[in-house]
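> Structure, please.
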Amino acid sequence: MLAIDSPEKYSRIKWQTYWTLYVSFQLFEYFVNSFINSLKFYWLVKCVFLFWLMLDDQAINFFRQSIIRHKVRNET
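Numbers count the residues shown, from 1 in each chain. The predicted structure is shown next:
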């Protein structure tokens, strides 16, 4: 909630990107739950990945730029 109220634009963009990726994980897990349960290290990899996104600003920028490039490429 603090990121949304923050006057700093970068903070809002960072957390919006993080939550977008988090929700994408949740949707993916919802549809392939039985397969994911057979993967032993999925939850560990997911947690490490999400922590990496929270802590490293360059990681968020990488995914944000990838999403934007993909969206622009599809629009043209």
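> which strands and helices sit next to whatever helix or strand Phe28 lives in?
For Phe28, the element it lies in under DSSP states H and E is helix 9-31. With contacts taken as 3 or more Cβ pairs under 8 Å, 6 or more residues apart in numbering; DSSP states H and E, helix 9-31 sits against helix 2-5, helix 42-55, helix 57-75. In this view, the C-beta of every residue, glycine as well, is placed from N, C-alpha and C.
> Show me which parts of that helix are buried, residue by residue.
Lys14, Trp15, Thr17, Tyr18, Leu21 (16 or more other Cβ atoms under 10 Å).
> That one vs helix 42-55, what angle?
Interaxial angle, helix 9-31 versus helix 42-55 (axes from the mean of the first three to the mean of the last three Cα atoms, to 10 degrees): 170 degrees.
> Can you give the distance from helix 9-31 to the centre of its chain?
4 Å (Cα atoms, centre = their mean, to the nearest Å).
> on that earlier part again, okay if I get the helices and strands packed on helix 9-31 as TSV plus mean neighbour count and mean pLDDT?
As requested, those are exported to TSV (neighbours: other Cβ atoms under 10 Å; pLDDT from 0 to 100):
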stretch	mean neighbour count	mean pLDDT
helix 2-5	10	51
helix 42-55	12	86
helix 57-75	12	73
